[in-house]
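S.K.: Quick one, structure for this:
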Amino acid sequence: MTTAKLTTADYPLAERRPELVTGKRGKSLDDITLDAVMADDISMDDLSITRHALHQQAEIAADAGRATLAQNFRRAAELVDVPQETIMQIYERLRPGRAQSKAELVQLAHDIEQRYGAQVIAAFIREAADVYDRRGLFSKRF
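M.R.: Take a look at the predicted model:
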């Protein structure tokens, strides 16, 4: 694993720095072959994006001056190991008018942070809670 910051010169990683690209089980790009697939040596974990890869992409985006894109990659990195069902629940509750109160979103942020260590996502949810509160975007249902 490299300790030097990645830059735009490293992009795309698969072409310029393939030795840095690995799946969740540590398999490299060279390990992913048709023979390995046919032998059942490759799983979806070997093909799925990893937290580390998304952090690498964030470094490259930051180097390119794309701060918002870098932050999006950091948020995505936190969500890699969050179950799809939980991600959909977060999405649903962040839709304007779906959450009942600011407290509901603050609790959601706390839960995500505690359960998955998703500090950037939790901060995003808290920011949304503040904005929704200011704009009156919580559900009016009783």
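S.K.: what sits against the residue positioned nearest the centre of the chain?
M.R.: By C-alpha atoms, centre = their mean, the chain has its centre lying nearest to Ala76, at 1.3 Å. Ala76 makes contacts with 49, 54, as judged by C-beta atoms under 8 Å, 6 or more residues apart in numbering. C-betas here are computed from N, CA, C, even on glycine.
S.K.: tell me the SS of it?
M.R.: Classification of Ala76 using DSSP: H, G, I helix; E, B strand; the rest coil returns helix.
S.K.: Ok, Gln107 next?
M.R.: With three-state DSSP as the criterion, Gln107 reads helix.
S.K.: Contacts only, for Gln93.
M.R.: Slight slip there: residue 93 is Arg, not Gln. Contacts of Arg93 by C-beta under 8 Å, 6+ apart are 99, 104-105, 108.
S.K.: That one: helix or strand, and which one exactly?
M.R.: Taking DSSP states H and E as the criterion, Arg93 maps to helix 84-94.
S.K.: May I have that helix as PDB, with CA atoms only?
M.R.: Listed next in PDB are the C-alpha coordinates belonging to helix 84-94 (Å, rounded to 0.1, in the frame of the first residue of the first chain):
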ATOM      1  CA  GLN A  84     -28.400  -1.700   0.800                       C
ATOM      2  CA  GLU A  85     -31.600  -1.700   2.800                       C
ATOM      3  CA  THR A  86     -30.100   0.800   5.300                       C
ATOM      4  CA  ILE A  87     -28.900   3.000   2.400                       C
ATOM      5  CA  MET A  88     -32.400   3.000   1.000                       C
ATOM      6  CA  GLN A  89     -33.900   3.900   4.400                       C
ATOM      7  CA  ILE A  90     -31.500   6.800   4.700                       C
ATOM      8  CA  TYR A  91     -32.400   8.000   1.200                       C
ATOM      9  CA  GLU A  92     -36.100   7.700   1.900                       C
ATOM     10  CA  ARG A  93     -35.900   9.700   5.200                       C
ATOM     11  CA  LEU A  94     -33.800  12.400   3.500                       C
END
